[in-house]
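> this is a predicted model, with the sequence first.
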Amino acid sequence: MPVEPADTWVFGYGSLMWNPGFPFEEARPARLTGYHRAFCVYSIHYRGTTRRPGLVLGLDRGGVCDGIAFRIRPDARERTLTYLRRRELIYGVYREALVPLDIANLAESEPDRTVWGVTYIAERAHPAYAGALPLARQAHMIRGAAGRGGTNLDYALNTRRHLVDFGIREPALDRLATLLGPIAGRCPNGAKSLARSWAWKPHSSPPMVRDNRFGYRAKLV
C-alpha cells in the first residue's frame, strides 16, 4: 500500500471526531490497530472533581479503534499541532504519537491506503490513568461525577450518540449504557435532568494519602 506523508493526518477517536476545532482538507473513516477506545482516564476538572472524579476517553493498548482521519495542508501543520497540544496535553495524561491508520475507501476505484497520523494515547505511567476498570465501577463513577464541562453522564451519552451517528459499533459502550440505567440506555439524546440528579447525590469523602507519588490513584479506591 502507498504510504502518505506523516505530517498530513490527524486521528480522532473521541470529541475530536465531531468537534475537531481546526480546518482540514478531507475527513475519512479510519481504523487504528493496536489500540482501543476506553474510559480509562480520570477527570478531576471537566467531568469530575478531586472529591468525585469522573472518567473520560483515552486510547489504550490492545484491539482496534475506528475513528476519523483528518487531512490537513502541510502549511497548516504547525498551527494545527499547536492547537491540538493545547487541547490534549494540558495535564500530561495523554501523549502524542504517530501511528499507522487504515483509511476507508469511498469508491471502488480507490486503492487501499495506509497513512501515518498524529493521535493522543493514554499515558499509563500518569496517576490519572485509570486502566481497565470493571464496567460496573465505570458506571458508578460516571453517574456520580460532574465538573466544569458538565456531568460525566452527559459526556458518556453524547459520546455514544455520536459514535452511533458515525456508524461505529462499540459493544463495550452499549453494555456501559445499559449499566448507567434504563433511561440512559434508551435515550442517547436526552436524560440531562437524570444526569444532573445523579451527579449531585451526596457522597463520602475518599481516604487521604500523603507522601506517595501515585497517591492520586489510592484516593480513588
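Received, thanks.
> beyond the helix or strand harbouring residue 156, next helix or strand please.
For residue 156, the host element (DSSP states H and E) is helix 152-165. Proceeding N to C from helix 152-165, the next assigned helix or strand is helix 171-180, under DSSP H and E.
> what's that next one in contact with?
Helix 171-180 is touched from outside by 38-39, 135-136, 138-139, 142-143, 153, 156-157, 159-160, 163, 184-185, 188, with contacts defined as CB atoms under 8 Å, 6 or more residues apart in numbering. (C-beta placed from N, C-alpha, C; glycine too.)
> please indicate which of those are buried?
The neighbour count (16 or more other CB atoms under 10 Å) marks 38-39, 135, 138-139, 142-143, 153, 156-157, 159-160, 163, 184-185, 188 as buried among these.
> pick the one among those closest to residue 95.
Residue 95 lies nearest to residue 38 out of the buried ones among the contacts of helix 171-180, by CB to CB, at 15.6 Å.
> and the closest residue to the closest one other than its chain neighbours, how far is that from residue 81?
Closest residue in space to residue 38, ignoring its immediate chain neighbours: residue 60 at 4.7 Å, by CB to CB, 6 or more residues apart in numbering. Counting by CB to CB, to the nearest Å, the gap between residue 60 and residue 81 amounts to 23 Å.
> same check on residue 90?
Using CB to CB, one gets 15 Å for the distance from residue 90 to residue 81.
> compare those two (neighbour count), which wins?
residue 81 (16 against 11; other CB atoms under 10 Å).
> now that one: which helix or strand?
Counting by DSSP H and E, residue 81 is found in helix 77-88.
> what comes up buried for that helix?
Those would be 80-81, 84, 88, for helix 77-88 by 16+ other CB under 10 Å.
> and the nearest residue in space to residue 104 that is not next to it in sequence, how many neighbours?
Leaving aside its sequence neighbours, residue 104 sits nearest to residue 29 (CB to CB, 6+ apart; 4.0 Å). Neighbour count of residue 29, defined by other CB under 10 Å: 17.
> tell me what angle the helix or strand hosting residue 29 forms with helix 152-165.
Taking DSSP H and E as the criterion, residue 29 maps to strand 26-43. Going by axes from the mean of the first three to the mean of the last three CA atoms, to 10 degrees, strand 26-43 is angled at 160 degrees with respect to helix 152-165.
> next SSE after strand 26-43?
Downstream of strand 26-43, the next assigned helix or strand under DSSP H and E is strand 54-71.
> by how many degrees do that following strand and helix 171-180 diverge?
Strand 54-71 and helix 171-180 are oriented at 150 degrees to each other (the same axes, to 10 degrees).
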